[in-house]
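Peer 1: Any chance you can model this:
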Amino acid sequence: MVAYLEVRYPAHQTDGDRSLTTRVNPIDHQFRISDLQEEINNSQENGNQDSHHINDSTGRTVEFIDLLHEKGPEDDIASLDVESLFTNVPVEETISIILDCVYRSDKNPLPISEDVLRDMLKASTTETPFLSHWGKLFRQVDGVAMQSPLEVLFANMYLATIEERTFREHKKPEIYGRYIDDIFVAIEETDDARKLADALKRNLVLNFTTEHSQQKTLSFLDVLVKQQEGQFKTTVYTKTTHAGRFLNARRECPEAYKKSVVSAYVNRAFTHITSWRDIHTELGRIRQLLTNIGYADQIIKTAIKQKMDEFYQSNTTTKKEENLIIYHRLHYGSAYKEDCCTLRGIVNRGVKPKSPLPQNN
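Peer 2: You can find the predicted model right below:
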């Protein structure tokens, strides 16, 4: 689903105020949030080469693990968590930060005026109506609503600015990685985590909770980080309350969705774990979980074999080849199987793969 910023201007106004119930004209301006996020990321990268923000993408954990292996362990590790970040982000200040980043950086500005973007951001945050369970309409005048497409953008922009101000006066840890409101740091002394939290709080109105490693072990995102033999060891982290519930194989949905569930769990084992013994243990756990909810053992074996083949090929191939990626939007409905068959036929007739895939794919 693509998220959009929309500005709707009412057909009439009452006493100079914008009405929540009046009819509206067609959308005057529409801009994809992903385009705005891309522009901001480019501006941040150009302005700060020493970036410490873990990107909001499917590869965020891999990026974090690469950071650990690049830097190596310090004396201790800890994590900080920002309390109630999204609903406490100062909207007006963050909008000003976004506008400065977009229109006053070295990159070319967006193809819309600054005033229009300001109005769109305000309309999507401070003027968004909410219907209560007793039928009344309310507006959230500050903070960003949970599940809003803008919540991550606003939170990242605000915290990135706070970090920049803080590290002008406070020494930045050797390892500092943040994913939205979760922060991982390598520290020299136990009290350093509290000092860093206090330094950050002096520049904003939010509170932090801190967690220190236990026996040189700490969980962050879906990774369990261990300090062993002068280096970081990582494996998959699952909460004790995890019940192994995800897409059931007996559900009526495209087969591609079910295969993607298996592939996602298998891929995570290979990307998150540094020890082959731990990979073997994790694959056994995954196999049992998937079997419990109806996944065929052959599908699981195929996914594991394909990942193993990819791993060995990536370590033996010297010449890097570019893959051609073709995107096609499928609308889920009663005829999705026919759509998949039609698309597969087009690919089979018009594309000749260099390395043919197994027949069961």
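
Peer 1: can you give me how far the host helix or strand of Ile346 is from the chain middle?
Peer 2: Assigned by DSSP states H and E, Ile346 falls within helix 336-350. Relative to the mean C-alpha coordinate of its chain, helix 336-350 is positioned 31 Å out (C-alpha atoms, centre = their mean, to the nearest Å).

Peer 1: tell me the mean pLDDT over that helix?
Peer 2: Summarised as a single mean, pLDDT over helix 336-350 is 79.

Peer 1: Give the helix, strand or coil label for the closest residue to Ile304 other than its chain neighbours.
Peer 2: Using C-beta to C-beta, 6 or more residues apart in numbering and skipping residues adjacent in sequence, the residue nearest Ile304 is Val266, 5.6 Å away. C-beta here means a position set from N, CA and C on the backbone, and glycine is covered the same way. Secondary structure for Val266, judged by DSSP: H, G, I helix; E, B strand; the rest coil, is helix.

Peer 1: how close does Val266 sit to Ile293?
Peer 2: 16 Å (C-beta to C-beta, to the nearest Å).

Peer 1: and those two? which has more neighbours close in?
Peer 2: Val266 (24 against 15; other C-beta atoms under 10 Å).

Peer 1: For Ile300, which residues are in contact?
Peer 2: 262, 266, 286-287, 290-291 (C-beta atoms under 8 Å, 6 or more residues apart in numbering).

Peer 1: Out of those, which is nearest to Leu67?
Peer 2: Val266 (23.5 Å; C-beta to C-beta).

Peer 1: Isn't that closest one up against Ala303?
Peer 2: Yes - between Val266 and Ala303 a contact is recorded at 4.7 Å, counting by C-beta atoms under 8 Å.

Peer 1: residue boundaries of the helices in the stretch 251-361 of the chain?
Peer 2: 255-272, 276-292, 297-316, 336-350 (DSSP state H, counting those that start in this stretch).

Peer 1: quick one: the shortest one to helix 255-272, angle?
Peer 2: Here helix 336-350 points in a direction 70 degrees away from that of helix 255-272 (axes from the mean of the first three to the mean of the last three C-alpha atoms, to 10 degrees).

Peer 1: Likewise for the longest one?
Peer 2: If you take the same axes, to 10 degrees, helix 297-316 sits at 50 degrees to helix 255-272.

Peer 1: Extract the C-alpha set from helix 297-316 and format it as CSV.
Peer 2: C-alpha atoms of helix 297-316 as CSV (Å, rounded to 0.1, in the frame of the first residue of the first chain):
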residue,chain,number,x,y,z
ASP,A,297,8.3,-30.6,5.0
GLN,A,298,9.3,-30.5,1.3
ILE,A,299,8.6,-26.7,1.1
ILE,A,300,10.8,-26.2,4.2
LYS,A,301,13.6,-28.4,2.8
THR,A,302,13.5,-26.5,-0.6
ALA,A,303,13.8,-23.1,1.1
ILE,A,304,16.8,-24.3,3.1
LYS,A,305,18.5,-25.8,0.1
GLN,A,306,18.0,-22.7,-2.0
LYS,A,307,19.5,-20.5,0.8
MET,A,308,22.4,-22.9,1.2
ASP,A,309,23.0,-22.7,-2.6
GLU,A,310,22.9,-18.9,-2.6
PHE,A,311,25.3,-18.8,0.3
TYR,A,312,27.9,-21.1,-1.4
GLN,A,313,27.5,-19.3,-4.7
SER,A,314,28.0,-15.9,-3.1
ASN,A,315,31.3,-17.1,-1.6
THR,A,316,32.6,-18.8,-4.8
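
Peer 1: List the buried residues for that helix?
Peer 2: Buried residues in helix 297-316, defined by neighbour count with 16 or more other C-beta atoms under 10 Å: 299-300, 302-304, 306-307.

Peer 1: The second one too?
Peer 2: Within helix 276-292, the residues scored as buried using 16+ other C-beta under 10 Å are 278-279, 282-283, 286-287, 289-290.

Peer 1: In JSON lines: the helices of the stretch 251-361 of the chain, plus distance to Arg202.
Peer 2: Compiled in JSON lines, the helices of the stretch 251-361 of the chain are given as follows (distance: least, C-beta to C-beta, whole Å):
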{"stretch": "helix 255-272", "distance to Arg202": "35"}
{"stretch": "helix 276-292", "distance to Arg202": "41"}
{"stretch": "helix 297-316", "distance to Arg202": "46"}
{"stretch": "helix 336-350", "distance to Arg202": "54"}
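
Peer 1: how about these, which one is nearest Leu247?
Peer 2: Using C-beta to C-beta, those put helix 255-272 closest to Leu247, at 5.0 Å.

Peer 1: now the angle between helix 276-292 and the closest one, please.
Peer 2: Using the same axes, to 10 degrees: helix 255-272 against helix 276-292 is 160 degrees.

Peer 1: ok so, going back, greatest separation within the buried residues of helix 297-316: which pair is it?
Peer 2: Ile299 and Lys307 (12.9 Å).

Peer 1: Would you quantify the distance from the nearest residue to Pro109 once chain neighbours are set aside to Arg165?
Peer 2: Once flanking residues are discounted, Pro109 sits nearest to Tyr103: 4.8 Å by C-beta to C-beta, 6+ apart. Distance, Tyr103 to Arg165, using C-beta to C-beta: 21 Å.

Peer 1: Asp81 belongs to a strand, doesn't it?
Peer 2: Yes - the assignment for Asp81 by three-state DSSP puts it in a strand.
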